[in-house]
Each structure stands twice: as C-alpha cells, then as structure tokens.
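> sequence-free structure coming up:
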C-alpha cells in the first residue's frame, strides 16, 4: 500500500532537547533533513516484519507503534511501545541482521523514515552520536533483561500492576486520570505474557479493590501506591 507523504516539522523534532539527533553537526542535520522521508501511517499498518531485512529506521513524530515478536502459535508477545521521539528498527540496522521483531501502528501516526546508509554514516563519522546510540541500545537491552526477570520471578498479578504503572509513566494520564494509551485486553495480555481471560479477571479485581477504574477499554489510575505495592510483591 502506498504511504501518504506528510509535511512534518523535522527541524524542530530533530533539535528537541532529548533527541538523539541533537548530537549531529549542522551539516549532518541538513543531510538528515534532506535524506528522510516523512510518511503517514494508518492504525493497523505494519512498518516492518520479523524475519525480513529492513533498509532503514523510523523516527516517531506522532502516534503509537507496538513492537512485538510472534510465537509458533501465532500469539504476539509485545515487547515495547514507541511514541513521539522514539527510534525503532535501529538495532537490526546497526547489526546488519534481519528484523527480530514486527512493528505495527496501534493508532494513526506520522513517522520519518531514515535510510540505513544515512544513519550508519553518522555512526561512523560522529563519535558523540555513536556513543549516544550505543547508550540507547544498552538501555533497551537492560529493559529486555528486566522484562525476562519479571516473567520468571513475578506473578501475573504483579506484572499487570507493573505494566499499568509503566504505561502511566511512559504515556502519561489525562486530567481524569485515564491512561493516554488505550489498549485492547488482548494487547495487555500480550505485554504481561498471559491469557486474555486472566487480564480481564485481574482488571476486575483491581477495580473492586479501588486501584483502577474502567470505562470500556480506558483504564483510570486511582491508586498508584497500591499498584506499586502489588508490583513489588511486598
């Protein structure tokens, strides 16, 4: 499907205080601006598929992307969500390997595609940029190690509480204390690593305990301290 090109304020995005690209020189930023391709993606569209080669990375300007692996039974295991300011697909590009995950939009969004040769050129020529992207990869590895530890050592109840807190921290909550990210119960189960029925049961339990509120797919955070207590298994 042909992607709709959009006009993004690339210069302001790439110069944001916490942007990886702030470490580029003015000349490199000009190369980046000229070499990227802004695209609009619809909810449900796939950016790249696990097991296929990707020839660039994506910078997320707007929208939310889920990153997941698919098991032999076809079940998704969601590893992370990407939103504004995140870069996805870079590890496979740096390692020159096939994509180890699939990336799919869970809401409409605007992204910039950055060709692999452009990104790798910055890594080779700019030591500050190379150092920062290495730090980013190490942080991602650390998060993956923590996720594996939680799967092995924490109960489903503890993991769900932790995931709700993580979503609140990453995406924020609105004035009514609802999470700004809206997920299906199946997607929640695919993050926690359990059956959808278990998540539905636990959400109901959390609701009756006054920890959260539910309005359709929306989840309201009512008692953060209570969720922290559960997630740490005190």
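Arrived safely, thanks for sending. The structure presented is a predicted model; accordingly, all values stated were derived computationally and were not measured. Residues are numbered from 1 along each chain as shown.
> SS state for residue 73?
Classification of residue 73 using DSSP: H, G, I helix; E, B strand; the rest coil returns coil.
> mind giving me the domain split of the protein?
According to automatic domain parsing, the chain comprises the domains 10-141, 154-231.
> what pLDDT, on average, does the shortest one get?
If you average the pLDDT over domain 154-231, you get 94.
> longest helix of the chain?
Longest helix in the chain, counting residues (DSSP state H): helix 127-153.
> Going toward the C-terminus from that one, what's the next helix or strand?
Downstream of helix 127-153, the next assigned helix or strand under DSSP states H and E is helix 156-171.
> elements contacting that following helix?
With contacts taken as 3 or more Cβ pairs under 8 Å, 6 or more residues apart in numbering; DSSP states H and E, helix 156-171 sits against strand 76-82, helix 127-153, helix 185-192, helix 196-208, strand 218-221, helix 224-231. For the C-beta atoms, the positions are set from N, CA and C on the backbone; glycine is no exception.
> contacting residues around that helix?
With contact meaning Cβ atoms under 8 Å, 6 or more residues apart in numbering, helix 156-171 is reached by 64, 81, 83, 150-151, 154, 179-181, 183, 188, 191-194, 198-199, 202-203, 205-206, 211-212, 219, 221, 224, 227-228, 230-233.
> and with 6 Å instead?
Contacts of helix 156-171 with the rest of the structure, by Cβ atoms under 6 Å, 6 or more residues apart in numbering, involve 150, 179-181, 191-192, 194, 198, 202, 221, 227, 230-231, 233.
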